[in-house]
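**Student:** structure, please.
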Amino acid sequence: MTQTTSDALKRVKPSATMAMSAKARALKASGCDCISLSQGEPDFDTPDNIKEAAIRAIQDGKTKYTDVDGIPELKDAIVGKFKRENGLEYKRTQINVSPGGKPVIFNAFMATLNAGDEVVIPAPYWVSYPDMAMLCGATPVIVDTTLEDGFKVRPEALAKAITPRTKWVMLNSPSNPSGAAYTADELKAIAAVLLDFPHVLVLTDDMYEHLTYGDFEFATIAQVEPRLYERTLTMNGVSKAYSMTGWRIGYAGGPEWLIKAMANVMGQTTSNPSSISQWAAVEALNGPQDFIPKNKKLFQDRRDLVVSMLNQANGVNCPTPEGAFYVYPSIAKLIGKKAPSGAIIDTDETFALQLLEAEQVAVVHGTAFGLAPCFRISYATSNECLEDACTRIQRFCGQLT
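**Tutor:** A predicted model of the protein is given here:
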């Protein structure tokens, strides 16, 4: 019998970030001196108080099934976080806890999207957004941004992309992959557009909220425009700020009807997130937060180092992002040049592959994020590693003819 996959799966492609990370791991395993800057994961360890909370949960026997979308204690901690840090008032019944940030988004899409619906997504975007929409039968509508606009969507471009079939508009600030973050005034301008389209839901991915730099002040759209509160899903998690990527806890606040629908999806798919991880997340949100500004300072220093060194590379234009731990430099001036191997740099994917071959530095090509010709670097690693990697990139770019 011929084995075939579903039509839904045929609509999507594997994650480019995971694919490049796998190539880098394979090179390292073969003995190559490979530097991987492709993974979006803090290099800091999970704080000890959070680990200890998880150990206590195990010792106390909190190892059983929980409510499908989160224990009451964690929902209360999330309610407190949203009120304390974002000025958003939610009840437990308006909170969803899922096994990671991706499931929050996927569950919301699965609960609301039908064939023919559209999801408006500014580019560059996190690689999973369009594919999750397509898995749910919808059509992603991509709105390009520009380096000159700081990779932020213009309100007029957003308005032009919305149609009667639009179900969701995706926002991500600070952004993966660009690190771009919207000010409160920029969000108000976007909100003014969305108020003209009352049939549209808003999903804001705030996963990098605590990683903004300098004088930048984080804001989220339901905070700056309360009239959007009833149709906004505000998503966040403990992965990035608390160095808990492997613990797999994402969460969201939103309208009660949507939260209930997402729980119905979870009841027939993942069921509850890990009970141990949930108790660890309670401690993360309620416990000491003093390590966050310390980590931010380290990330900001790394950002400044990478931006400076990449802008010294021949043909590279690297803007300074407001947040997250990524840079998204343009290589428009390098397209058409020849690599040391003789290959022509015809796309940013070719650039990334040739860089990996010549210098053993793994980056992710911009085409995977919907906006080319660029590449993404994660600077969530040591200064020494970043200096080495950027020196290799400078050398590679200098050899292009």
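
**Student:** any idea which element the spatially most central residue of the chain lies in?
**Tutor:** The geometric centre of the chain, computed from its C-alpha atoms, lies nearest to Asn176 (Cα atoms, centre = their mean), at 4.3 Å. Assigned by DSSP states H and E, Asn176 belongs to no helix or strand.

**Student:** so what's the backbone phi/psi at the closest residue to it other than its chain neighbours?
**Tutor:** Nearest residue to Asn176, sequence neighbours excluded (Cβ to Cβ, 6 or more residues apart in numbering): Trp126, at 4.8 Å. Just so you know, the C-beta spots here come from the backbone N, C-alpha and C atoms, and that holds for glycine as well. Main-chain dihedrals, Trp126, degrees, to the nearest 10: phi -60, psi 140.

**Student:** can you tell me how far the nearest residue to Gly254 once chain neighbours are set aside sits from Lys83?
**Tutor:** Among residues not flanking Gly254 along the chain, Leu233 sits closest, at 3.9 Å (Cβ to Cβ, 6+ apart). Remark: distance between Leu233 and Lys83 (Cβ to Cβ, to the nearest Å) = 17 Å.

**Student:** of the two, which one has the most company?
**Tutor:** Taking other Cβ atoms under 10 Å, Leu233 and Lys83 do not tie; Leu233 has more neighbours (25 against 13).

**Student:** in this structure that one contacts Ala108, no?
**Tutor:** Yes - under the criterion of Cβ atoms under 8 Å, Leu233 makes contact with Ala108 at 5.6 Å.

**Student:** any shared contact partners between those two?
**Tutor:** Leu203, Ala252, Gly254, Leu258 (Cβ atoms under 8 Å, 6 or more residues apart in numbering).

**Student:** which members of those residues occur in strands, if any?
**Tutor:** If you go by DSSP state E, the shared contacts of Leu233 and Ala108 have Leu203, Ala252 in strands.

**Student:** turn the shared contacts of Leu233 and Ala108 into JSON lines, including distance to Gln3, neighbour count and pLDDT.
**Tutor:** Compiled in JSON lines, those are given as follows (distance: Cβ to Cβ, whole Å; neighbours: other Cβ atoms under 10 Å; pLDDT from 0 to 100):
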{"residue": "Leu203", "distance to Gln3": "35", "neighbour count": "27", "pLDDT": "98"}
{"residue": "Ala252", "distance to Gln3": "36", "neighbour count": "31", "pLDDT": "99"}
{"residue": "Gly254", "distance to Gln3": "39", "neighbour count": "25", "pLDDT": "98"}
{"residue": "Leu258", "distance to Gln3": "37", "neighbour count": "22", "pLDDT": "98"}
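
**Student:** can you tell me which of the shared contacts of Leu233 and Ala108 lies nearest to Ser275?
**Tutor:** Nearest to Ser275 out of the shared contacts of Leu233 and Ala108 is Ala252 (Cβ to Cβ; 19.3 Å).

**Student:** helix/strand/coil for His19?
**Tutor:** For the record, residue 19 is Ala, not His. Three-state assignment for Ala19 (DSSP: H, G, I helix; E, B strand; the rest coil): helix.

**Student:** tell me where the stretch 251-400 of the chain has strands.
**Tutor:** Assigned by DSSP state E, counting those that start in this stretch, the strands in the stretch 251-400 of the chain fall at 326-327, 361-362, 364-365, 375-378.

**Student:** tell me which of those strands sits nearest to Leu37.
**Tutor:** The closest of the strands of the stretch 251-400 of the chain to Leu37 is strand 375-378. By Cβ to Cβ, the value is 4.5 Å.

**Student:** show residues contacting the closest one.
**Tutor:** 17, 37-41, 177-178, 306, 310, 325-329, 331, 348, 351-352, 363-366, 369, 389.

**Student:** what do you get for stretch 176-184?
**Tutor:** By Cβ under 8 Å, 6+ apart, the residues outside stretch 176-184 that reach it are 40, 124, 126, 145, 150-152, 171, 173-175, 190, 207-208, 212, 216-219, 224, 303, 321-328, 364, 366, 369, 376.

**Student:** one more: stretch 141-161?
**Tutor:** For stretch 141-161, using Cβ under 8 Å, 6+ apart, the contacting residues are 118-125, 130, 163, 166, 169, 175, 178, 180, 182, 186, 189-190, 192-194, 196, 317, 319, 328, 330, 370-371.
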